[in-house]
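Colleague: Return a 3D structure for these sequence lines:
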Amino acid sequence: MKLQNIKIKKILLMLFMILSFCSCQKADDQNDNEIRLGFDEAFPPMGFRDENGEYTGFDIELAKAVAEKLNYELKLVPIAWDSKDAELQSGNINCIWNGFTKTGREDKYTFSKPYTKNRQVIVVKKNSNIKKLADLKGKRLEVQADSTGQMTIEENEEFKNSLEITPVSDFLTALNDLEQDSTDAILMDEVVARYNKKMGKNIEILDEALSEEDYAIGFKKGNEEFKDKIQKALDEIIAEGKASEISKKYFDKDIIVK
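Modeller: Model prediction:
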C-alpha cells in the first residue's frame, strides 16, 4: 500500500508541475508589463541598427512611445523573419511589429487596427531598362523569404513563371545584390524602398505595384486582451500627434492611418 501511495503522490506531483508550467506559459503570453517585440533587424526604416549599433526605426519608435504610455518594459527581439511564427508560439516574442502586413493573414494572427498602408513594388537600379512590369519577363528577381512579397508572387502564377525568382533573408541582402548586378530587380515594400532611395541608394521604383496592403501589429491568435491594451495606447499616441511626428522623421510625411 505504501508503494502505491508513493506512486500516486509522484503522479500527482507530475500533474501539478505540468499544470504549473502551463499556467506560467499562459501568464507569460499575457504578460501585462512587457512588450517582447519581434522584428527583422535588417529592415530599415521599420527596424535596424543605427550608426551606434543601437536598434531603432519607425516601428520601434512607435513601440517605445506605446510602452512609455503604458509604463511597460520594451524588449527588442531580433528574429529570422521565416521563424516569426515559432517565436510567437513559443512566447519568446508577444507581438510582431515590423512593417507586418495584415492583408491576407487575418485568419492566422490577432491583429491591431492598421496604422499605415503599403504597396508591393518593383525596385531596379537607376537607369535600368526595366521601366514597367512587362519588362521583367525572363529577368532575375529577389524577394524576402516568407514575406508578403513572396506570397504575392505565389498567388500570381503567370508573373511567377515569367521570372527567375530567388528568396533571400532580408532586403539589405537584396539591395546589395542589386548593386552588384547579382539580380535585376527586387520585389519589396514601398515604404522601405522609398526610405532607401531617400538615403541615397542608386535605385528607381516602378510606378506599377503588384499589391496594396495594410500594416498592423500581429499577436498570437486569440490574445485579444494584450492586443486591446496595445491598441488603446497606440490610439492615444496617434490622437496626440506623436505617431505623426515619428512618421515625418522617417518619411518626411505623415503616413499614419487616423
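Colleague: Now do the strands in the stretch 51-200 of the chain.
Modeller: 55-56, 73-78, 95-96, 110-111, 116-125, 140-144, 164-168, 185-189 (DSSP state E, counting those that start in this stretch).
Colleague: got CSV for the ones you listed, with mean neighbour count too?
Modeller: Where you see a C-beta, it was placed from the backbone N, CA and C, and this is true even at glycine. Formatted as CSV, the strands of the stretch 51-200 of the chain follow (neighbours: other CB atoms under 10 Å):
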stretch, mean neighbour count
strand 55-56, 16
strand 73-78, 16
strand 95-96, 26
strand 110-111, 20
strand 116-125, 21
strand 140-144, 24
strand 164-168, 15
strand 185-189, 26
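Colleague: Please name whichever of these is nearest to Glu245.
Modeller: strand 116-125 (14.0 Å; CB to CB).
Colleague: could I have that closest one exported to CSV, CA atoms only?
Modeller: C-alpha atoms of strand 116-125 as CSV (Å, rounded to 0.1, in the frame of the first residue of the first chain):
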residue,chain,number,x,y,z
THR,A,116,-0.3,52.7,-42.1
LYS,A,117,-0.6,51.4,-45.7
ASN,A,118,1.9,49.9,-48.1
ARG,A,119,2.3,48.6,-51.6
GLN,A,120,4.5,45.8,-53.0
VAL,A,121,6.6,47.4,-55.7
ILE,A,122,9.5,46.6,-58.0
VAL,A,123,12.9,48.2,-57.4
VAL,A,124,15.6,48.4,-60.0
LYS,A,125,18.9,50.1,-60.4
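Colleague: For that strand, which outside residues touch it?
Modeller: 99, 101, 130, 133, 136, 141, 148-149, 152, 175, 178-179, 181, 184-191, 193, 202-206, 208-215, 247, 255-257 (CB atoms under 8 Å, 6 or more residues apart in numbering).
Colleague: what's around Ala86, how many residues?
Modeller: Ala86 has 12 neighbours, counted by other CB atoms under 10 Å.
Colleague: so who does it touch?
Modeller: No contacts exist for Ala86 under CB under 8 Å, 6+ apart.
Colleague: on that earlier part again, next step: the contacts of strand 116-125 restricted to helices.
Modeller: Mapping those onto helices (DSSP state H) picks out 148-149, 152, 175, 178-179, 190-191, 193, 247.
Colleague: and those residues, which are buried?
Modeller: 148-149, 152, 175, 178, 190-191, 193, 247 (16 or more other CB atoms under 10 Å).
Colleague: Reformat those residues as a markdown table; add distance to Ile165.
Modeller: Shown next, in a markdown table, are those (distance: CB to CB, whole Å):
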| residue | distance to Ile165 |
| --- | --- |
| Thr148 | 15 |
| Gly149 | 10 |
| Thr152 | 11 |
| Leu175 | 17 |
| Leu178 | 14 |
| Glu190 | 19 |
| Val191 | 22 |
| Ala193 | 18 |
| Ser247 | 32 |
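Colleague: quick check, nearest of those to Pro45?
Modeller: Nearest to Pro45 among these, with distances taken as CB to CB, is Val191, at 7.3 Å.
Colleague: Which pair of the buried ones among the ones in helices among the contacts of strand 116-125 spans the longest distance?
Modeller: Farthest pair in these, by CB to CB: Leu178 and Ser247, 26.4 Å.
Colleague: what are the bridge partners for the residue nearest to Gly57 when sequence neighbours are not counted, then?
Modeller: Among residues not flanking Gly57 along the chain, Gly47 sits closest, at 4.1 Å (CB to CB, 6 or more residues apart in numbering). Note on Gly47: beta-bridge partners by DSSP bridges are Phe43.
Colleague: contacting residues for Gly47?
Modeller: 39-41, 55-57, 59-60, 78, 98-99.
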